[in-house]
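[1] Below: sequence and its predicted model.
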There are 2 protein chains.
Amino acid sequence: MELIKKPVTGMKDVMPAEAELREHVMNVIRDTYAGYGFRQIETPAVEHLANLNSKQGGENEKLIFKVLKRGEKLDLSSAQDVSDLTEEGLRYDLTVPLVRFFSAHQAELPSPFKALQMGSVWRADRPQRGRFRQFVQCDIDILGDPSTLAETELILATTRALGRLGFSGFEVRISDRRILKAMAAFAGFPETAYDEVFIILDKMDKIGIDGVREELLKAGYDEGQVEKYTKLFGVEKSDEVPGAEAVRKLISDLGDFVEAGVEEDLTGIMECVDSVKDADFDLVFDPTLVRGMSYYTGTIFEISMPEFGASAGGGGRYDKLVGKFTGQDVPACGFSIGFERIIMLLMERGESTELKSKKHAFLIEKGMDAEKMRAIMKEAEELRNRGECVLTARMNKNKKFQKEQLAEQGYEDIREFYNN
Amino acid sequence: MELIKKPVTGMKDVMPAEAELREHVMNVIRDTYAGYGFRQIETPAVEHLANLNSKQGGENEKLIFKVLKRGEKLDLSSAQDVSDLTEEGLRYDLTVPLVRFFSAHQAELPSPFKALQMGSVWRADRPQRGRFRQFVQCDIDILGDPSTLAETELILATTRALGRLGFSGFEVRISDRRILKAMAAFAGFPETAYDEVFIILDKMDKIGIDGVREELLKAGYDEGQVEKYTKLFGVEKSDEVPGAEAVRKLISDLGDFVEAGVEEDLTGIMECVDSVKDADFDLVFDPTLVRGMSYYTGTIFEISMPEFGASAGGGGRYDKLVGKFTGQDVPACGFSIGFERIIMLLMERGESTELKSKKHAFLIEKGMDAEKMRAIMKEAEELRNRGECVLTARMNKNKKFQKEQLAEQGYEDIREFYNN
């Protein structure tokens, strides 16, 4: 029988150089968050469809890889639709499994619980360049801390990890869902219109302020409201990085439309991060920041890389999500690092994970005498005992090519062993 | 809506202490094999059912989690059976994906190709204690090396990894499928009976030589043949570890029934490993070793831990498997480490992965003044810069309990910060 050689549609094989880079990045992330007291957890790839289809996953719920029932549970003849055939699916994110994990094990976990997750998720998205149906997500969440300490730490730890991976000069854009809503209220939009207004605002990056104005008008909003709304964003045109001062200015303009405490929260995070941060980045107030998921309740943030059009990570506070599942609210705040994008950027930079140790290759002639073989292997083991890398391999017929390949792989010491 | 809190049947959540142990073990394994020039690769969790159902996976093919087709491909009304509903499934081992990977990328890979894989596999087995439907496999394979250098290195590297994980005094049992066959031929069994004979022989551990004799007789084999056969195993009763000498003795007894070269291969591996090995273990010739999978063609081996009834890993040479998929034979030899069993053993021993660095916990009173907060966070960041771990957390109402929990987690320096 013939094998199908290609991976299934939209998923990829990872070659050694990339696999090693991925491991390296995971280790840096793991190590950095461990320095902040985050603990790693793992959840199964397969999750209850009832949990996955909970209306918190947005569009992703349409993209679930569903697992066929087995054995007696599977009755093809009586099946009316897909729900009769399936009850489990592959997870499409790490948030639903985290909430399930937390609700199952809360009694055994410290409070607050600082969780790190790195694992594959699956989405049956239309395959396109650089986008795969299986990819790794890296989520960091603090459950049980209502204070801005959570946001502050998430930003400090995440930017430190990026710094250690060689990134600098990037931006973390920050805002608060409560400011977003206050701005819409201030402009006079009805609360029922917020979702649509935010979807249009979210395009600011691509279509600019004039595009946003145009789309809002086209959507039928009152010209006066649209004018009042867009004017709020027009201010930030100075060269200065909009920091805590910009927050104070905007909130003072918005007056009573903003909940009490928002100014203190946001400026507190920004000034604290600014004064103690380890990595080279700017924390920037960006009132146009929306973040798609509807479950955010407070602070939201996103990483922008200059080399990179899109976001390389983001997150925010979601104080009501756990409660939706368990009936009891738990304050929560999380950051999701765009792991695959970071790998892509590092690959494009030609980043590789060099073994720091010396690399030897021992090429051994075919039919080597047993006693000589033992002496060769003994030498190899002794070098390995010293932490060095020794590849032993039979000598190929095309020795020249073999040696060229080995040199390309970084073997600096290539030795040949013959019977005589 | 209510969340289902438990993981799906047969799969498990991994708590922080175990997750960290798992990472530690993976890092030791990765690091050890890197010292032998093995390169890591990754393949998707989802694989073509056509590849999974290739009759190489034995019983595992019955245990596949199948993925439901999506979109236009899924036509419930016309579906006659499961094969109309599915074309992909979760991999049940790492061997099928490895062979697919190799056949797809052979041109870009060095020869021989030394591959390390660590990843989850899924089997819809009946759930039982310590056995899960999602578990990690760790496979090491050398493709393209026909010589015993492959076996020698696999055993040296694997036992070194086990040694570094703290295991000692274990056994690696070794034999050769060609000896297994020669013994059956020598006794006079017809070739068609081999499979059944080996299945009975494989129970030696549990039922002893008398049990094997009894079952062979019950299966209807000739008493003379059974006597001749079981006598071959009766010899090894001395206190001495059966090494290369035992191989020579048995092969000399078997005479022409054994292919030329087998003796040299097996004794060569054993004497080389014995003279250069790093870890504390015995390499033992065990002519009763069978190894289930039918694809083995030569050397076979298995790790026995004294603490552990069952095998903690095993493997062998499978020179014909790649050819069955691709039409072109490639010599191959592999070792699969029983990752989950090793984790279980280490957990039972109370092994934990201590952060070597100092662990501080900063407990911060609610409503901490912004400026003081910055000073606290600065101090935390400076300790992290030195590689130490600092957990910052708001002070809980039950501070005593919080401090006890932290002490349990290994926080030796617990400081409290108040506004005044």
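    Right, received. Where do you want to start?
[2] Against chain B, how distant is residue A:32?
    Applying Cβ to the nearest Cβ, to the nearest Å, the value for residue A:32 to chain B is 9 Å. Where C-beta positions appear, they are placed from N, C-alpha and C, glycine not excepted.
[3] Grab the nearest non-local neighbour of that residue.
    In this structure, residue A:32 finds its nearest non-sequential neighbour in residue A:161, 4.0 Å apart by Cβ to Cβ, 6 or more residues apart in numbering or on different chains.
[4] Closest approach to chain B from the stretch 201-350 of chain A, which residue is it?
    Closest to chain B within the stretch 201-350 of chain A is residue A:325: 3.7 Å, counting by Cβ to the nearest Cβ.
[5] That residue belongs to a helix?
    Yes. The assignment for residue A:325 is a helix, going by DSSP: H, G, I helix; E, B strand; the rest coil.
[6] who touches it in this structure?
    Residue A:325 is in contact with A:51, A:54, A:99-100, A:103, B:1-3, counting by Cβ atoms under 8 Å, 6 or more residues apart in numbering or on different chains.
[7] distance of it from residue A:50?
    Using Cβ to Cβ, to the nearest Å, residue A:325 is found at 11 Å from residue A:50.
[8] Point out where chain A drops to low pLDDT.
    Counting by pLDDT under 70, chain A has low-confidence residues at A:1, A:56-58, A:234-240, A:293, A:353-356.
[9] Backbone dihedrals for whichever residue of the stretch 1-150 of chain A sits closest to chain B, both of them.
    Per Cβ to the nearest Cβ, residue A:37 is where the stretch 1-150 of chain A lies closest to chain B, at 3.0 Å. Torsion angles at residue A:37 (phi, psi; degrees, to the nearest 10) stand at phi 80, psi 10.
[10] And the one 5 residues further on, by the same measure?
    Reported as degrees, to the nearest 10, the phi and psi values for residue A:42 are phi -130, psi 140.
[11] Off-centre distance for stretch A:74-91?
    For stretch A:74-91, the separation from the chain centroid amounts to 31 Å (computed by Cα atoms, centre = their mean, to the nearest Å).
[12] List the contacts of that stretch.
    A:43-50, A:52, A:64-69, A:73, A:97, A:121-122, B:8, B:45-46, B:67-68, B:74, B:76, B:79, B:81-82, B:85.
[13] Now list the buried members of those.
    Burial by neighbour count, 16 or more other Cβ atoms under 10 Å in any protein chain shown: within the contacts of stretch A:74-91 this picks out A:43-49, A:52, A:64-69, A:97, A:121-122, B:8, B:45-46, B:67-68, B:76, B:79, B:82, B:85.
[14] In strands, which of those fall?
    A:46-48, A:66-68, A:121-122, B:46, B:67-68 (DSSP state E).
[15] The stretch 301-420 of chain A: helices as residue ranges?
    Applying DSSP state H, counting those that start in this stretch to the stretch 301-420 of chain A gives helices spanning A:321-326, A:339-348, A:370-385, A:399-408.
[16] and those helices, which is most packed in?
    Most buried of the helices of the stretch 301-420 of chain A, by mean neighbour count (mean count of other Cβ atoms under 10 Å in any protein chain shown): helix A:321-326, with a mean of 19.
[17] Domain ranges for chain A, per the record?
    A:16-348, A:359-417 (automatic domain parsing).
[18] Most tightly packed of these?
    Of those, the one with the most neighbours on average (mean count of other Cβ under 10 Å) is domain A:16-348, at a mean of 19.
[19] who touches stretch A:46-63?
    By Cβ under 8 Å, 6+ apart, the surrounding residues in contact with stretch A:46-63 are A:64, A:66-67, A:83, A:86-93, A:95-97, A:100, A:123-125, A:292-295, A:321, A:324-325, B:1, B:3-4, B:8, B:11, B:65, B:122, B:133-134.
[20] Quick check: end-to-end length of it?
    The first and final residues of stretch A:46-63 sit 14 Å from each other (Cα to Cα, to the nearest Å).
[21] Report the distance from that stretch to the chain centre.
    With Cα atoms, centre = their mean, you get 18 Å for stretch A:46-63.
[22] Show me where the stretch 51-200 of chain A has its strands.
    In the stretch 51-200 of chain A, the strands defined using DSSP state E, counting those that start in this stretch lie at A:66-68, A:86-90, A:113-122, A:134-143, A:170-176.
[23] Quickly list what residue A:173 is bridged to.
    Applying DSSP bridges to residue A:173 gives these bridge partners: residue A:284, residue A:302.
[24] how about it, what does it touch?
    Residue A:173 touches A:284-286, A:289, A:301-304, counting by Cβ under 8 Å, 6+ apart.
[25] State the distance from it to chain B.
    Applying Cβ to the nearest Cβ to residue A:173 and chain B gives a distance of 21 Å.
[26] how near is that residue to residue B:4?
    On the measure of Cβ to Cβ, residue A:173 and residue B:4 end up 36 Å apart.
[27] OK, contacts around residue A:29?
    Contacts of residue A:29 (Cβ under 8 Å, 6+ apart): A:116, A:118, A:138, A:161, A:337.
[28] Could you point out the helix or strand that follows the longest helix seen in chain A?
    Assignment by DSSP state H gives helix A:16-34 as the longest helix of chain A. Using DSSP states H and E, the next helix or strand after helix A:16-34 towards the C-terminus is strand A:39-40.
[29] got the contact list for that following strand?
    Residues contacting strand A:39-40 (Cβ under 8 Å, 6+ apart): A:30, A:113-118, B:16, B:19-20, B:23.
[30] now do stretch A:214-230
    The contact list for stretch A:214-230 (Cβ under 8 Å, 6+ apart) reads A:183-184, A:186-189, A:193, A:196-197, A:200, A:203, A:207, A:209, A:212-213.
[31] do that again at 10 Å, thanks
    Stretch A:214-230 is contacted by residues A:183-184, A:186-190, A:193, A:196-197, A:199-201, A:203-204, A:207-210, A:212-213 when judged by Cβ atoms under 10 Å, 6 or more residues apart in numbering or on different chains.
[32] among these, which are in reach of chain B?
    Filtering these for proximity to chain B by Cβ under 10 Å from any Cβ of the partner chain leaves nothing.
[33] Now, those residues that are in helices?
    Among these, DSSP H puts A:183-184, A:186-187, A:196-197, A:199-201, A:204, A:207-210, A:212-213 in helices.
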